[in-house]
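Visitor: next comes the sequence, and after it the predicted model I'd like to discuss.
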Amino acid sequence: MALMVRRLVQLYAGLALYGLGIALQVASGLGNDPWDVLHQGLSRRFGLSIGAWIIIAGAVVMLAWIPLRQRPGLGTISNVLLVGVFTDLFLYVLPAPEAPAARWAFLVAAVLLGGFATGCYIGAGLGPGARDGLMTGLAARGHSIRVVRTTIEVAVLAAGWLLGGTVGVGTVLYAVAIGPLAHYFVPALEIRRPARQEPAAPRREEPAPSPAPAEANAR
């Protein structure tokens, strides 16, 4: 029970921090990560908030899990529903940075939070995000996960840029830094189940030595 509570706390803390990281990067105006270039482009072109498009895009991506026979976990569904909500909440309360130093501080904090938050929600072990699950599902069909990830992110980046999303130095910084950060934080924050202790085998008693046969009668 205590282990599950810890996993849930880490999951939802990670999702909240992930939404904060997205909001900081968007507010910096220095360039979003590829998926948020798409979400922002959709928001600018068709209306609705960035958070709403994060939820819609996540739900659409989850539909692609069906032919891949991927099973969403609680963490997957929570990711789809809550990251967009947290993003809109933090975009509402964060100040708009004007000084270049403040914008860079927002960007660096966003990238670091993205890596840490990824470690939190994946390390909770309750299911990957919808986009991560799509990539791993395609990779399980025999495709290189690096090729799959690069292809998907280049495609959504290009689509988002054409729709008016912000591409800039922040996009490049995120792409370069998120892999090493996730590589460090995911195992560091992984919640492992305690090893099951096998019951001790009953002690086997050695049989008592049989009495020595009677000595033969003297001749």
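Guide: Yep, it's here. Numbers count the residues shown, from 1 in each chain.
Visitor: where exactly do the helices run in this structure?
Guide: Counting by DSSP state H, the chain has helices at residues 2-28, 34-46, 50-63, 65-68, 74-93, 100-123, 130-139, 145-163, 169-188.
Visitor: stretch 124-132 - what's its average pLDDT?
Guide: Confidence over stretch 124-132, taken as the mean pLDDT, stands at 85.
Visitor: neighbouring contacts of it?
Guide: In this structure, residues lying in contact with stretch 124-132 by C-beta atoms under 8 Å, 6 or more residues apart in numbering are 7-8, 10-11, 14, 35, 58-59, 61-62, 65, 72-80, 83, 121-122, 133, 136, 152, 190-191. For the C-beta atoms, the positions are set from N, CA and C on the backbone; glycine is no exception.
Visitor: what's around residue 130, how many residues?
Guide: The local packing of residue 130 (other C-beta atoms under 10 Å) involves 23 other residues.
Visitor: no wait, residue 144
Guide: Residues within reach of residue 144, counting by other C-beta under 10 Å, total 11.
Visitor: quick one, phi psi at it?
Guide: Backbone geometry at residue 144, expressed as degrees, to the nearest 10, gives phi -70, psi 130.
Visitor: what pLDDT does it get?
Guide: Predicted confidence (pLDDT) for residue 144: 77.
Visitor: likewise for residue 199?
Guide: Residue 199 is assigned a predicted lDDT (pLDDT) of 57.
Visitor: over to residue 158?
Guide: Looking at residue 158 specifically, the model assigns a pLDDT of 96.
Visitor: how about residue 161?
Guide: At residue 161, the predicted lDDT confidence score is 96.
Visitor: I figured it hits residue 40, correct?
Guide: No: between residue 161 and residue 40 there is no contact under C-beta atoms under 8 Å: 10.0 Å.
Visitor: between the two, which has more neighbouring residues?
Guide: When neighbours are counted by other C-beta under 10 Å, residue 161 and residue 40 differ, and residue 40 comes out ahead with 23 against 17.
Visitor: so who does the more buried one touch?
Guide: Listed by C-beta under 8 Å, 6+ apart, the contact partners of residue 40 are 26, 32, 50, 53, 160, 164-166.
Visitor: now do the contacts for residue 37.
Guide: Shown here is residue 37, whose contacts under the criterion C-beta under 8 Å, 6+ apart are 31, 156-157, 160-161, 165-167, 171.
Visitor: what's around the closest residue to residue 114 other than its chain neighbours, how many residues?
Guide: Beyond its immediate neighbours in the sequence, the residue positioned closest to residue 114 (C-beta to C-beta, 6 or more residues apart in numbering) is residue 21, lying 4.4 Å away. Residue crowding around residue 21 was assessed by other C-beta under 10 Å; the count is 28.
Visitor: how close does residue 21 sit to residue 111?
Guide: 8 Å (C-beta to C-beta, to the nearest Å).
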